[in-house]
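Enquirer: have a look at this prediction, sequence included:
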Amino acid sequence: MTEHPTAAELDDADPLAALRDEFELPDGIYLVGNSLGALPKAARDYVNAEFDRWATLGVEGHFTGDLAWKDYHELLTNQLAALTGALADEVVAMNSLTVNLHLLMVSFYRPTSTRHKILIEGHAFPSDHFAVESQIRQRGFDPQGSMILLEPREGEELLRPDDILAAISDHGDELALVLLPGVQYYTGQVLPMAQITSAGHAVGALVGFDLAHAIGNLELSLHDWDVDFAAWCTYKYLNSGPGGVAGAFVHHRHVSDQSLPKFHGWWGTNKASRFEMATEFDAIPTVESWQLSNAPILLMASLRASLDIFEKAGGMGPLRQKTEQQIGYFDRRLEESLGDRVQSITPRALAERGCQLALRVTKDDGRRVFEELENARVLCDWRHPDVIRVAAVPLYNSFDDIDRFVDILDVVVR
Ligand SMILES: *Cc1c(COP(=O)(O)O)cnc(C)c1O
């Protein structure tokens with residue numbers, strides 16, 4: 001037997017271990033930050049501060065002090081830019097994820113009679129599938145002929161990166177848009193965003209990413225990768241709370257392009273003249289021109305609490321390092337304890353995965369296993385038909401969480 005460090009030793013040596021104290025975690029083992037991130041303790045204070053300002057200032061809260069609500073979304077910009085590898089004029093917090101996908105497709109899906117196809121995955125998150133399908137119909141095209149669903153090869157779970165790139169070049173000059181996830185929500189597979197972007201551009205298509213499972217999980221360089229647009233929610237790895245405000249990225253080269261079709265609202269127009277109530281739309285020369293409405297302050301307040309913890313962690317670099325250690329530990333413990341009683345459908349290679357594992361129990365009834373895990377107070381999630389997803393989130397999960405989970409799984413899977 002080789003001597004491997006124990007969970008306790010790894011936790012002792014973990015420079016980020018103390019961040020767990022910044023969160024209020026439910027009883028049990030919380031391994032479901034891929035679905036809903038944990039509550040940052042400070043979120044209560046950030047939100048209460050806005051209740052207090054509302055109580056004491058009333059409507060003047062819009063214009064008063066450093067936290068003036070009319071500019072409140074700007075407080076999030078630099079932190080979101082750091083997490084996505086973006087310039088400050090490329091990111092904004094607004095709306096919800098599916099709404100942002102729609103708004104961005106209004107601008108970046110511009111079908112013509114010859115170039116009208118959108119490439120997505122066959123196993124896209126249903127909301128993304130519906131959004132794309134309805135955008136195609138909205139422009140007078142038929143999803144049957146304009147929606148390309150990328151499937152893994154027969155008998156395989158994962159999309160091969162080469163197959164994605166080949167599909168892009170095969171559809172070539174019929175392809176208007178490539179819309180793929182940064183991390184596949186079911187399998188946890190990381191897609192090669194930089195390569196996909198250049199393959200899309202090489203055939204004259206635009207390229208957008210849904211980063212729901214990527215932001216706060218991977219190191220991203222959206223600007224350098226030359227991605228055209230992206231959107232994400234913040235209630236998963238960004239811990240903003242249920243229904244939290246989402247985010248959007250538009251590449252610098254597009255942000256002040258007034259020729260792009262865009263749905264307009266008063267929050268997208270010049271701030272200096274906004275309250276003069278003029279009806280001449282004077283687009284803000286940044287991604288903020290995609291904003292429609294005044295910002296949801298309470299949702300942004302709780303998100304700020306979480307983004308401050310990311311800053312405390314030193315950004316995604318150290319968090320990603322911890323993830324690599326944690327998934328290595330996770331793999332090893334599963335192999336030692338369960339061997340072939342459990343199969344991971346997540347890619348094995350570090351470069352192709354984030355902190356989530358998708359597990360299939362091979363000789364048992366997955367649904368029963370999931371229910372017994374719940375009874376043992378393991379919080380994870382179940383995805384039809386037979387996958388249990390668990391995520392070790394480096395901000396608040398310890399090596400001990402992984403260790404105890406594997407022990408419980410070992411007992412439950414007979
Ligand atoms: C979580 C998730 C969503 C959820 O969309 P909402 O608009 O936030 O409800 C959509 N797409 C993907 C890929 C997701 O992972």
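Expert: Noted; the coordinates are in hand.
Enquirer: the helix ranked longest in the chain - what's its average pLDDT?
Expert: Selection of the longest helix in the chain by residue count, based on DSSP state H, yields helix 316-338. Mean per-residue pLDDT for helix 316-338: 97.
Enquirer: relative to the helix or strand just after that helix, what are the paired strands and their orientations?
Expert: Remark: after helix 316-338, the chain's next helix or strand is strand 342-344, criterion DSSP states H and E. Sheet pairing of strand 342-344 (DSSP bridges) gives strand 356-361 (antiparallel).
Enquirer: point out the residues in the protein that sit beside the ligand.
Expert: Applying Cβ under 6 Å from any ligand atom, we find that the chain lies next to the ligand at 96, 97, 98, 125, 127, 128, 181, 185, 210, 212, 213, 233. (C-beta placed from N, C-alpha, C; glycine too.)
Enquirer: please pick the buried ones from the residues you listed.
Expert: Using 16 or more other Cβ atoms under 10 Å as the burial test, those include 96, 97, 98, 125, 128, 181, 185, 210, 212, 213, 233 as buried.
Enquirer: just the ones of those in helices?
Expert: Going by DSSP H, the helices hold 97, 98, 128 from these.
Enquirer: would CSV of those with pLDDT and distance to residue 7 be doable?
Expert: Compiled in CSV, those are given as follows (pLDDT from 0 to 100; distance: Cβ to Cβ, whole Å):
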residue, pLDDT, distance to residue 7
97, 98, 34
98, 98, 39
128, 98, 37
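Enquirer: about what we covered before: nearest to residue 359, of the residues of the chain next to the ligand?
Expert: Nearest to residue 359 among these is residue 185, at 14.8 Å by Cβ to Cβ.
Enquirer: what distance do you get for the closest one to residue 4?
Expert: Going from residue 185 to residue 4 by Cβ to Cβ, to the nearest Å gives 31 Å.
Enquirer: dump the residue contacts of residue 322.
Expert: Taking Cβ atoms under 8 Å, 6 or more residues apart in numbering as the contact definition, residue 322 lies against 14, 16, 394.
Enquirer: please read the previous query as pertaining to residue 35.
Expert: Going by Cβ under 8 Å, 6+ apart, residue 35 touches 236, 381, 389.
Enquirer: in a strand, residue 382, correct?
Expert: Yes - counting by DSSP: H, G, I helix; E, B strand; the rest coil, residue 382 falls inside a strand.
Enquirer: how many other residues sit next to the residue nearest to it when sequence neighbours are not counted?
Expert: Nearest residue to residue 382, sequence neighbours excluded (Cβ to Cβ, 6 or more residues apart in numbering): residue 370, at 4.5 Å. By other Cβ atoms under 10 Å, 20 other residues sit near residue 370.
Enquirer: now name the helix or strand holding residue 370.
Expert: Assigned by DSSP H and E, residue 370 falls within helix 366-375.
Enquirer: name the residues of that helix that come out as buried.
Expert: By neighbour count with 16+ other Cβ under 10 Å, helix 366-375 contains the buried residues 366, 369, 370, 372, 373.
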